[in-house]
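**Q** model this:
(one chain, ligands or ions: 1)
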Amino acid sequence: MNKKLIDWPTFIAALILLLAVSIPLAVFPEAGNEIVNMANSFMTGNFGVMYLVFGLAAFAFLLFVAFSKNGHIKLGDKNEDKEFGTFSWAAMLFAAGIGSSILYWGMIEWAFYYEGPPFGIEGGSQEAIKWAPAYGIFHWGPIAWAIYTLPALPIAYFYYVRKKPVLKISEAVRPVLGKVVDTPLGNTIDVLFMFGLMGGAGTTLALGTPMIAQGVNNITGLPTNMATNTVIMLLCTTIFAISAYSGLRRGIKVLSDINLWLAIFVLAFIFVMGPTVFISETTFTSLGLILNNFFEMATWLEPLANVEGFTETGFPEAWTVFYWAWWVVYAPFVGLFVARISRGRTIQEMIIGTILYGTIGSVLFFGIMGNYGLHLQLSGTFDVIGYMNETSPEAAIIAILDQLPMAGIMVTLFTVLAIVFLATTFDSSSYILAAVVQRKVQKEPLRWNRLFWAFTLCLMPLVLMYVGDLQTLQTASIVAGFPVLFIMGLLAWSFIRASNEDIRASKGYQPPTIHIVQREKRKKQRDETLQDKNQND
Ligand code: NM2
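**A** The predicted structure follows:
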């Protein structure tokens, strides 16, 4: 084991930060829960607007870049072909960026909006029913995918154009921060990114595990409690640890292939065996609703909440702000993967591809799974909402699936899909966490290092599940996402700066840094000639 390879300050600082948050929560769960909820209201109440501004700004920025001269830059050499065909590119993109949460929210998000709609609409009303299937698609739509794509810009640019592979986020902001990256500020950036990813992954695991437990309960009758959750979580971790151990290519490739085909099968089955026409019509109508109200949805913050006679719903904080934060914490990590699979594409193709195919994927999951449940509710076949309020969202998800033909098989497939989905996301997260704490990555991060982070990832969700409710799980992403917002700004700036410099240089204009280098060179030559002259004299 080469100890020098590890960047210990980053490694230890990230670990300490994680323990400093998790241990007190586990030791004082009640006080912990209160503090977490206070942190949630504080952040969303005061800074909610920043998350929403950021989301819209990221979307506008990416569209601007895609259609600017920087968009034509090719990632790779001029004649290089695309490394992956569009279908496998889109599938890998989806597998890296999306985890088991799409199964959870795709199935049940509509029910939350049905009961607690936006814009002050009355719960359960016709208006609420109209918005219920649309809002989930919006939260997993173009703005969300734009957030994911932003970090891929500088990273892919350094990989394929400047030919400097970047595995650390701190390295990706070097064009802006320069030598400052080599000071502790560089380590801080990496630690905050790691903490963000651990928070986001915490939310994912803490949501996904009880859902898998519920599926297992349906199949085997095993009880759903904290012990089952813990066993399931450790089992999933072991699966992704094995896959992490077997190396990126084999592990992730096999898992994401299974993932893709299983997902396509489950979606196709629900679409064909379920209410096909209702699903198609409602999904299509939702798209229109979103397009028509895009900016309103992207900016709605309920500012009149404190005015008398106005009932505050808390919808923007609980949903849009939370979601943007959740996408933000995953973004630098997904950016690394998007960058790695995009060789041979132009920046424009990468941007439009991620936003378009990502959104199409989300539309398929939410449209098919969500509207199947909505149809059960509206047709009176099964009172999903009543059942959810009596039990839990995860129990309602499995109960919805239980209404399908061949329910036993479908619940089993869904549960397996959730496990594999979880495994693919976590296997890549542990890969990246390990890579960030290494000074150099030769081919792959060290194995013990990857395993260490695979298991460390479990800590936060275990504590979160133990301590609290949905709001607690959301807080992990919201709080950990705040510093990452600023890092995202640096990443965008870094891309623009580096690519503009190169474009100008290619046109004969020399960027200031080149002037400085040349000035130094001339000075050195002058000094040398002077020295020679002195010696000759
Ligand atoms: N996002 C896409 O659990 C997951 O699906 C991972 C979650 C950020 C909402 C990503």
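
**Q** give me the distance from stretch 223-232 to the chain's centre.
**A** Its chain's C-alpha centre and that of stretch 223-232 lie 26 Å apart, by C-alpha atoms, centre = their mean, to the nearest Å.

**Q** name the residues of that stretch that are buried.
**A** Thr224, Thr228, Asn229, Thr230, Ile232 (16 or more other C-beta atoms under 10 Å). C-beta coordinates here come from the backbone N, C-alpha and C atoms, glycine included.

**Q** what does the stretch 101-250 of the chain put close to the ligand?
**A** Within the stretch 101-250 of the chain, the positions adjacent to the ligand are Ser101, Ile102, Thr204 by C-beta under 6 Å from any ligand atom.

**Q** can those residues go into JSON lines with extra columns for neighbour count and pLDDT?
**A** JSON lines is the format used below for those (neighbours: other C-beta atoms under 10 Å; pLDDT from 0 to 100):
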{"residue": "Ser101", "neighbour count": "21", "pLDDT": "93"}
{"residue": "Ile102", "neighbour count": "23", "pLDDT": "95"}
{"residue": "Thr204", "neighbour count": "27", "pLDDT": "89"}
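
**Q** quick revisit: quick check, nearest of the buried residues of stretch 223-232 to the ligand?
**A** When the buried residues of stretch 223-232 are ranked by distance to the ligand (C-beta to the nearest ligand atom), Ile232 comes first, at 15.4 Å.

**Q** surely the closest one meets Gly215?
**A** No. Contact between Ile232 and Gly215 fails when scored by C-beta atoms under 8 Å: they sit 9.6 Å apart.

**Q** which bits of the stretch 401-537 of the chain sit near the ligand?
**A** So the stretch 401-537 of the chain meets the ligand at Thr425 (C-beta under 6 Å from any ligand atom).

**Q** for the ligand, what's the nearest residue on the stretch 401-537 of the chain?
**A** Counting by C-beta to the nearest ligand atom, the stretch 401-537 of the chain gets nearest to the ligand through Thr425 (5.3 Å).

**Q** against which helices or strands is the helix or strand hosting that residue packed?
**A** In this structure, Thr425 is located in helix 407-436 according to DSSP states H and E. In this structure, helix 407-436 makes packing contacts with helix 86-97, helix 101-115, helix 184-220, helix 226-245, helix 253-273, helix 322-341, helix 393-401, helix 447-456, judged by 3 or more C-beta pairs under 8 Å, 6 or more residues apart in numbering; DSSP states H and E.

**Q** ok, the residue of the stretch 401-537 of the chain closest to the ligand touching Thr204?
**A** Yes. Taking contacts as C-beta under 8 Å, Thr425 lies within contact range of Thr204: 6.6 Å.

**Q** and which of the buried residues of stretch 223-232 is nearest to Tyr157?
**A** Tyr157 lies nearest to Ile232 out of those, by C-beta to C-beta, at 40.3 Å.

**Q** tell me which residue is most central in this protein.
**A** Centroid-nearest residue in the chain: Tyr330, 3.2 Å away (criterion: C-alpha atoms, centre = their mean).

**Q** of the helices and strands packed on helix 407-436, flag the one that's most buried.
**A** For the helices and strands packed on helix 407-436, average neighbour numbers computed from mean count of other C-beta atoms under 10 Å are highest in helix 322-341, which has a mean of 27.

**Q** can you give the contact residues for the very next helix or strand once past that one?
**A** For helix 322-341, the succeeding helix or strand toward the C-terminus, using DSSP H and E, is helix 347-365. The contact list for helix 347-365 (C-beta atoms under 8 Å, 6 or more residues apart in numbering) reads 62-63, 65-67, 70-73, 75, 86, 89-90, 93-94, 97-98, 102-103, 106, 137, 140-142, 144-146, 148-149, 152-153, 156-157, 263, 267, 283, 287, 338, 342, 345.

**Q** now swap in stretch 165-178 and tell me
**A** Outside stretch 165-178, the residues within contact range by C-beta under 8 Å, 6+ apart are 151, 154-155, 158-159, 164, 181, 185-187, 189-190, 193, 332, 336, 339, 432, 435-436, 438, 441, 487, 490-491, 493-494, 497-498, 501.

**Q** ok, which pair from the buried residues of stretch 223-232 is furthest apart?
**A** Largest separation among the buried residues of stretch 223-232 by C-beta to C-beta: Thr224 and Thr230, giving 11.9 Å.

**Q** now do the contacts for whatever residue of the stretch 201-350 of the chain ends up closest to the ligand.
**A** Closest approach between the stretch 201-350 of the chain and the ligand, counting by C-beta to the nearest ligand atom: Thr204, at 3.4 Å. Under the criterion of C-beta under 8 Å, 6+ apart, the contact list for Thr204 reads Gly99, Ser100, Ser101, Leu422, Thr425, Pro461.

**Q** adding distance to Ala132, write those residues out as CSV.
**A** Formatted as CSV, the contacts of Thr204 follow (distance: C-beta to C-beta, whole Å):
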residue, distance to Ala132
Gly99, 23
Ser100, 22
Ser101, 18
Leu422, 26
Thr425, 27
Pro461, 28
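
**Q** mark which of those residues are buried, thanks.
**A** Gly99, Ser100, Ser101, Leu422, Thr425, Pro461.

**Q** count of neighbours near Ser125?
**A** 12 (other C-beta atoms under 10 Å).

**Q** can you check the one 3 residues further on too?
**A** Summarising burial for Ala128: neighbours were counted as other C-beta under 10 Å, giving 18.

**Q** which residue is the nearest non-sequential neighbour of it?
**A** Take Ala128 and drop its neighbours on the chain: the residue closest to it by C-beta to C-beta, 6 or more residues apart in numbering is Pro117, 3.8 Å away.

**Q** am I right that that neighbour sits in a strand?
**A** No. With DSSP: H, G, I helix; E, B strand; the rest coil as the criterion, Pro117 is coil rather than part of a strand.

**Q** so who does it touch?
**A** Gly123, Ser125, Glu127, Ala128, Trp131, Ala132, Phe315.

**Q** name the nearest of those residues relative to the ligand.
**A** Once C-beta to the nearest ligand atom is applied, the member of those that ends up nearest the ligand is Phe315, at 17.4 Å.

**Q** spatially, which residue comes closest to the closest one, not counting chain neighbours?
**A** Counting by C-beta to C-beta, 6+ apart, the residue nearest Phe315 is Pro118, at 4.8 Å.

**Q** gap between Asn40 and Ala339?
**A** Note on Asn40: its distance to Ala339, by C-beta to C-beta, to the nearest Å, is 32 Å.

**Q** sorry, wrong one. I was asking about Trp261.
**A** Trp261 sits 26 Å away from Ala339, going by C-beta to C-beta.

**Q** same question for Ser506.
**A** Ser506 is 22 Å from Ala339, by C-beta to C-beta.

**Q** quick one: mean pLDDT for the one helix or strand Ser494 maps to?
**A** Assigned by DSSP H and E, Ser494 belongs to helix 470-506. Helix 470-506 comes out with an average pLDDT of 89.

**Q** tilt between it and helix 322-341?
**A** Relative orientation of helix 470-506 and helix 322-341, computed by axes from the mean of the first three to the mean of the last three C-alpha atoms, to 10 degrees: 40 degrees.

**Q** buried residues, helix 470-506. List them.
**A** Here helix 470-506 shows 471-485, 487-492, 494-496, 498-499, 501-503 as buried, counting by 16+ other C-beta under 10 Å.
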